[in-house]
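# here is the input, now give the coordinates:
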Amino acid sequence: PEDGEMIVAGLGRFGPYVKHGKVFASLEDGDEVMTVGLNRAVTLIAEKKLKPGRARFGADPGKPLGDHPDKGGPIVLKKGRYGPYVSHDGVNATLPTDMAPESVTLEQAIGLIEARIAKGGGKPAKGKKAAKPKPEPKAEAAAKPAKAEAAAPTARRAAGRKQASGKAAAKPAAKPKKAAAKPARKAKAAD
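Residues are numbered from 1 along each chain as shown. All right, here's what the predicted structure looks like:
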């Protein structure tokens, strides 16, 4: 090949093939993996490039219209599943049906993208997350009744048994041990 990259022959999941860069071409019935020549491999790869079949290596890169004057970065006209659209920095704006994709200018694309951003589309700002509610201060926690404090050790034990798979909610909590039995034993030992 003209670019000097190697052509590799191999036996894959779907049968024998030759590979050049990212282009794979299946060998036909008469071709053997071990005996395929360089000329035959180049011919198969050239045929595959002319008729690629399904596109497997990403979306259409699109037609660059130019750079955004304020924000920088390229504005690109692309053909999507739901029709043509313009894209800039993760913001996609669909072209109106009355606008031909070939006649879109940079100014029109900027207007469509700005309208899309104002409408609420586009990438969320990086690093900004919704504010989480603050935990209760310790002073309020101390003011809870003593009954809640007695239940806290069993709650801690149950929380310690939680599993990463979330199965802890399915199991009923273990019955707390009788608190009265322990002091009675201590009382006997004190006598």
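
# tell me which element the residue nearest to residue 106 when sequence neighbours are not counted falls in.
Excluding the flanking residues, the one nearest residue 106 by Cβ to Cβ, 6 or more residues apart in numbering is residue 66, at 4.3 Å. In short, each C-beta sits where N, CA and C put it, glycine included. Assigned by DSSP states H and E, residue 66 belongs to strand 63-67.

# what strands line up against that strand, and which way round?
In the sheet, strand 63-67 lines up against strand 74-80 (antiparallel) (DSSP bridges).

# which residues are contacting the helix or strand just after the partner strand?
The helix or strand immediately downstream of strand 74-80 is strand 83-88, counting by DSSP H and E. By Cβ atoms under 8 Å, 6 or more residues apart in numbering, the residues outside strand 83-88 that reach it are 62, 65, 68, 71, 73-78, 92-95, 97, 101, 104, 109, 112-113.

# what's the PyMOL syntax to select whichever of these are buried?
This is how PyMOL selects the buried members of the contacts of strand 83-88, with burial counted by 16 or more other Cβ atoms under 10 Å:
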select buried, resi 62+65+68+75+76+77+78+92+93+95+104+109+112+113
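
# could you measure from the spatially closest residue to residue 40 that is not a sequence neighbour over to residue 18?
Once flanking residues are discounted, residue 40 sits nearest to residue 31: 6.5 Å by Cβ to Cβ, 6+ apart. Per Cβ to Cβ, to the nearest Å, residue 31 is found 9 Å from residue 18.
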